[in-house]
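# okay, here's the prediction I keep looking at, along with the sequence it came from:
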Amino acid sequence: MVPVTTRDETDPARADEVVGLTARARLIRLVICAAVLALTLSGTVFGDDYAFPFGPPRMYATRADPDTPVSSTRVVGLTETGLEVALSGGAVGLRRAEFEGQLPRLVANPELLGLLAERYDANSPEAPPLVAVAIIVRRLELRDGVRTGSYVDDVLVTYRLPSDAEGGT
Amino acid sequence: MSRIDRLGRWFFVPVPLARIAVFRLIAYLFIPLDVFVTTRWVAAHAEVPTEYYQPLLIGDWLSLPTPTTAVVETVKWLLIGCALLAATGKAPRVWGTATFLLYFEWMVIAMSYGKVDHDRYAFLVALAVLPTVGIARWRDHRRSEAAAFAVAVIFLAVMLTYFLAAWAKIRFGGIDWVNGSTLTRAVLRRGTDLSMWTLDVPGLLHVSQYLMIGLEVLSPLMLLVRRDRARVMLVVFLLGFHLMVFAGVRIIFLPHVVAILVLVPWERLVRAKPDPKVFPRPLDRVGLAP
């Protein structure tokens, strides 16, 4: 620890000096503080993540049922030889949780997955090109909140990329 | 005593300007670390197809630009430049405000792709309130009410992050959240060598859930901690909790942790050596006040 200097020893005059605020400056600060507090509280009570930065801090707020499997989602590219390439590990700039957040939208519009393949191919031109992109959910079995060790891989959607001939470019 | 006065007692108990000077340096220098090391995935959004951009309410409202590669890169370098300038302590209102606005936009870029993180509410509040303190020099041990307000508001934001997390658990998980398997799920998904053993101890994670929500509900009590020494102990306790979580599931609320550091009496580390140019202070100024 750095030697502690008490204010009193070194400079009593200045340590006693208080730089005050006018009553008006105090009031403005308190009013703004109250407004932000009101937004924050109502965001937690009524809002959701869409209301960032005033949404509810819902980290781990969802109750997980002790007998429902734990899901873990991954987005993979498939090459012609059937090789799996992870796309949800940051290879195309998105995190796993971001894919999970957009899951319903991706299942409804699988062509969005095609954009990822384009991005991947552009990022790694020497890698074998992808022919399809798939979203796979691994469900790890739980019993009474304890893992049993078994799991099922569930392919939610597979998007086959248009071949060059069909694509016309 | 009026209500405002009583509130004032909590918000405006003068704090040495030197504390703000040190904390400000830490907060602003954290930004390059955040951008280039600990939260690199934000910058990675530069290359994400814009079709994946899902604007937040604030982005819709203010018609913030779609984060194309150019937008992300521009915001990034402006933010780094402003944060470094703000760290010098010169023109704190100008560079501090610019840094806050750019960091806010940086967060909009971060959170608009399907996942919102909850680790930087208090840090955003800190960046918003720091410019209101104005000039604060390292060795200026004068105590300031503007500095007091900044510290109080950041403290409040830190507390709310815990308290409102309890609210959110009850709101989304129900009162039975404590009997769910949320922590088991977290360890299964993100567990480390230091935490996987907890899965095999019956009841441990279950009890931890009670403990967690209990402490969160009680968190407003931390606002009663006033003395410097007690506040340092509070900081050690909170940092200990965040380090434990990090060891267990590799999640750390780093910007939030930086905000917690505002409670440390940093001014004790900085010698209040009087500047020869301004000291001895003209005592007559005191006498001349009208």
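In hand now; what should we look at?
# what average pLDDT does stretch A:127-134 get?
Averaging pLDDT along stretch A:127-134 gives 88.
# one more: stretch B:265-272?
Across stretch B:265-272, pLDDT averages out at 85.
# ok, that stretch near chain A or not?
Yes: interface with chain A: stretch B:265-272 contributes B:267-272 (CB under 8 Å from any CB of the partner chain). For the C-beta atoms, the positions are set from N, CA and C on the backbone; glycine is no exception.
# among those, who's most crowded?
B:E267 (27 neighbours; other CB atoms under 10 Å in any protein chain shown).
# surely it meets B:R143?
No: using CB atoms under 8 Å, B:E267 is not in contact with B:R143, being 9.2 Å away.
# where does chain A dip in pLDDT?
When residues are selected by pLDDT under 70, those of chain A lie in A:1-15, A:164-169.
# which residues touch residue 92?
In the absence of a named chain, this looks at chain A. Contact analysis of A:V92 by CB atoms under 8 Å, 6 or more residues apart in numbering or on different chains lists A:116, A:119-120, A:123, B:47-48.
# right idea, wrong chain: chain B
Per CB under 8 Å, 6+ apart, neighbours of B:P92: B:24, B:86, B:130-131, B:133-136.
# quick one, phi/psi of A:A64?
Per-residue torsions, A:A64: phi -100, psi 130 (degrees, to the nearest 10).
# apologies, that question was intended for B:G203.
Dihedral angles (degrees, to the nearest 10) for B:G203: phi 90, psi -20.
# in terms of pLDDT, where does the residue of the stretch 1-150 of chain B found nearest chain A sit?
As assessed by CB to the nearest CB, chain A sits closest to B:G114 within the stretch 1-150 of chain B, at 2.8 Å. The confidence metric pLDDT takes the value 90 at B:G114.
# in contact with B:T68, which residues?
B:T50.
# cool, the one 4 residues further on as well?
Taking CB under 8 Å, 6+ apart, we find B:V72 in contact with B:43, B:45-46, B:109.
# shared neighbours, B:E267 and B:R143?
With CB under 8 Å, 6+ apart, B:E267 and B:R143 have common neighbours B:P16.
# how many residues are close by the spatially closest residue to B:R143 that is not a sequence neighbour?
In space, not counting the residues next to it along the chain, B:R143 is nearest to B:P14; the distance is 3.5 Å by CB to CB, 6 or more residues apart in numbering or on different chains. Using other CB under 10 Å, B:P14 is surrounded by 18 other residues.
# buried residues, stretch A:22-31. List them.
A:26, A:29-30 (16 or more other CB atoms under 10 Å in any protein chain shown).
# what segments of the stretch 1-150 of chain B are helices?
Along the stretch 1-150 of chain B, the stretches classed as helices by DSSP state H, counting those that start in this stretch are B:3-11, B:17-33, B:41-44, B:57-61, B:69-87, B:92-111, B:121-129, B:145-168.
# the last one versus helix B:121-129: what angle between them?
Going by axes from the mean of the first three to the mean of the last three CA atoms, to 10 degrees, helix B:145-168 is angled at 150 degrees with respect to helix B:121-129.
# helix B:145-168 packs against which elements?
On a contact count with 3 or more CB pairs under 8 Å, 6 or more residues apart in numbering or on different chains; DSSP states H and E, helix B:145-168 meets strand A:18-19, helix A:23-46, helix B:3-11, strand B:15-16, helix B:17-33, helix B:121-129, helix B:204-218, helix B:254-260.
# after the longest one comes which helix or strand?
Downstream of helix A:23-46, the first helix or strand assigned by DSSP states H and E is strand A:70-79.
# ok, that following strand near chain B or not?
Yes: against chain B, strand A:70-79 shows contacts by CB under 8 Å from any CB at A:70, A:72.
# which elements pack onto that strand?
Packing partners of strand A:70-79 (3+ CB pairs under 8 Å, 6+ apart): strand A:84-86, helix A:96-101, helix A:111-123, strand A:130-143, helix B:182-190.
# let's have the buried residues of stretch A:22-31 in JSON lines, adding distance to B:W95.
JSON lines is the format used below for those (distance: CB to CB, whole Å):
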{"residue": "A:R26", "distance to B:W95": "25"}
{"residue": "A:R29", "distance to B:W95": "20"}
{"residue": "A:L30", "distance to B:W95": "26"}
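# filter those down to the ones close to chain B.
Restricting those to those adjacent to chain B (criterion: CB under 8 Å from any CB) gives A:26, A:29-30.
# between those residues, which is closest to B:V37?
Using CB to CB, A:R29 comes nearest to B:V37 of those, at 33.9 Å.
# how many neighbouring residues does B:L29 have?
B:L29: 15 neighbours (other CB under 10 Å).
# I figured it hits B:T88, correct?
No: checked against CB under 8 Å, the pair B:L29 and B:T88 is beyond contact range at 10.6 Å.
# how many neighbours does the residue nearest to A:A117 when sequence neighbours are not counted have?
Leaving aside its chain neighbours, A:A117 sits nearest to A:L130 (4.5 Å; criterion: CB to CB, 6+ apart). When neighbours are counted by other CB under 10 Å, A:L130 registers 22.
# touching, A:L130 and A:V76? I think so.
No: the pair A:L130 / A:V76 is not scored as a contact, 9.3 Å apart, by CB under 8 Å.
# shared neighbours of those two, which are they?
Counting by CB under 8 Å, 6+ apart, the residues touching both A:L130 and A:V76 are A:V85.
# from chain B, how far off is A:L115?
According to CB to the nearest CB, to the nearest Å, A:L115 and chain B sit 4 Å apart.
# from B:I260, how far out is that residue?
Between A:L115 and B:I260 the distance is 40 Å, computed by CB to CB, to the nearest Å.
# try B:G173
25 Å.
# ditto for A:L113
With CB to CB as the criterion, A:L113 and B:I260 are 41 Å apart.
# go on, A:E17?
Taking CB to CB, one finds A:E17 at 28 Å from B:I260.
# between the two, which is the more surrounded one?
B:I260 (21 against 17).
# quick one, what contacts that one?
Taking CB under 8 Å, 6+ apart, one finds B:122, B:158, B:235, B:238-239 in contact with B:I260.
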